[in-house]
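1. only geometry, no sequence info:
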């Protein structure tokens with residue numbers, strides 16, 4: 001088994017935990033505040049991780065270039081904007097179509113990998129990505145009673161456009177993160193991924209701190225006062241990001257994000273085991289499509 005596969009599964013698992021903790025925080029913080037908690041507590045941990053690799057493991061810090069800074073800052077800002085668009089979709093009454101379109105991130109990442117990095121996507125991987133995409137769409141649309149005409153009409157409305165934009169920005173962030181890491185000097189993927197992560201989390205923390213100082217100053221204090229849970233959000237977010245960026249340093253970002261959809265399996269498993277929530281038939285079929293797509297993707301490697 002190639003190393004990027006277990007690393008991606010680890011990243012998806014820890015992201016699932018982080019998302020659950022952020023949902024808990026939503027009762028105490030605004031959406032922006034819950035997002036900020038992810039970065040502000042992750043940044044020092046990412047710096048400690050980088051320092052640990054240098055001090056205790058003997059790695060040398062890579063030498064960044066202007067290309068690294070451009071790719072990393074582009075990806076960081078794209079991720080923040082993608083999250084903002086996704087959150088804005090929930091203000092629409094028909095938000096489900098928009099959130100479904102945001103799930104096209106993986107397919108768009110494949111396109112941006114070709115455009116920005118010139119990386120070829122194999123036929124087998126393309127088939128696997130689109131099989132998983134069908135499953136994700138089925139799961140997203142499960143609890144909405146829309147007929148075909150309604151879906152076609154809503155594809156041209158604002159929520160769908162915001163959804164496509166959100167998916168595009170998430171895809172751009174994934175591809176540019178890989179580009180940033182690969183642009184660093186040195187051969188070892190671990191230190192390159194750690195350096196990229198440290199830069200990203202510090203930069204995103206500073207950007208969000210400036211924004212919140214102007215728009216939501218009270219949320220900065222709220223994030224500090226909820227440090228017990230917010231700190232766990234930062235820890236799990238940092239661990240997940242270590243996994244994502246390390247995996248994307250090793251492998252095409254589209255492949256990593258496609259495999260990362262296994263997070264949906266973890267989510268439904270947790271819902272069943274912890275809350276005894278039952279899957280609907282279409283959700284179950286959707287999960288099967290996601291899993292089948294992942295198997296096709298891995299087999300194509």
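-> In hand now; what should we look at? Everything numeric in this text was worked out from a predicted model, so none of it was measured.
2. hmm, residue 129 and residue 258 touching each other?
-> Yes - here residue 258 lies in contact with residue 129, judged by C-beta atoms under 8 Å, at a distance of 4.8 Å. For every residue, glycine as well, the C-beta is placed using N, CA and C.
3. list the contacts of residue 21.
-> With contact taken as C-beta atoms under 8 Å, 6 or more residues apart in numbering, residue 21 is in contact with 229, 232-233, 236.
4. who wins for most neighbours among these?
-> Using other C-beta atoms under 10 Å as the neighbour definition, those reach their maximum at residue 233, which records 29 neighbours.
5. just for the chain, where's the confidence low?
-> 26, 90-91, 93-98, 142-157, 272-277 (pLDDT under 70).
6. just give the number of residues close to residue 1.
-> Under the neighbour criterion other C-beta under 10 Å, residue 1 is assigned a count of 7.
7. distance of it from residue 106?
-> 21 Å (C-beta to C-beta, to the nearest Å).
8. who has more neighbours out of residue 258 and residue 129?
-> Neighbours were counted for residue 258 and for residue 129 using other C-beta under 10 Å; residue 258 has more, 30 against 25.
9. got the contact list for the helix or strand harbouring residue 76?
-> Following DSSP states H and E, one finds residue 76 within helix 66-89. Counting by C-beta under 8 Å, 6+ apart, the neighbours of helix 66-89 from elsewhere in the structure are 31, 35, 95, 98-99, 102, 159, 162-163, 165-170, 172-177, 179-180, 183-184, 196, 199-200, 203-204, 207-208.
10. pull out the buried members of those residues.
-> Buried residues within those, counting neighbours by 16 or more other C-beta atoms under 10 Å: 31, 35, 95, 98-99, 102, 159, 162-163, 165-170, 172-177, 179-180, 183-184, 196, 199-200, 203-204, 208.
11. check contacts around residue 295.
-> With contacts taken as C-beta under 8 Å, 6+ apart, residue 295 has the following neighbours: residue 128.
12. let's see that with 10 Å instead.
-> The neighbours of residue 295, taking C-beta atoms under 10 Å, 6 or more residues apart in numbering as the test, are 128, 131-132.
13. ok, it to residue 172 distance?
-> From residue 295 over to residue 172 (counting by C-beta to C-beta), the distance is 27 Å.
14. one more: residue 8?
-> Between residue 8 and residue 172 the computed distance is 19 Å (C-beta to C-beta).
15. please apply the same query to residue 33.
-> Using C-beta to C-beta, we find residue 33 at a distance of 25 Å from residue 172.
16. closest to the centroid, which residue in the chain?
-> With distances taken as C-alpha atoms, centre = their mean, residue 170 lies nearest the centre of the chain, 7.0 Å away.
17. was I right to think that residue contacts residue 107?
-> No - no contact is recorded between residue 170 and residue 107 when judged using C-beta atoms under 10 Å, the distance being 11.4 Å.
18. name the residues contacting each of the two.
-> Common neighbours of residue 170 and residue 107 (criterion: C-beta under 10 Å, 6+ apart): residue 257.
19. contacting residues for residue 27?
-> Contact partners of residue 27, counting by C-beta under 10 Å, 6+ apart, are residue 34.
20. the same query, at a cut-off of 6 Å, please.
-> The neighbourhood of residue 27, defined by C-beta atoms under 6 Å, 6 or more residues apart in numbering, contains no residues.
21. name the SS class of it, please.
-> When the structure is reduced to helix, strand and coil (DSSP: H, G, I helix; E, B strand; the rest coil), residue 27 reads as coil.
22. how close does it get to residue 139?
-> Residue 27 sits 25 Å away from residue 139, going by C-beta to C-beta.
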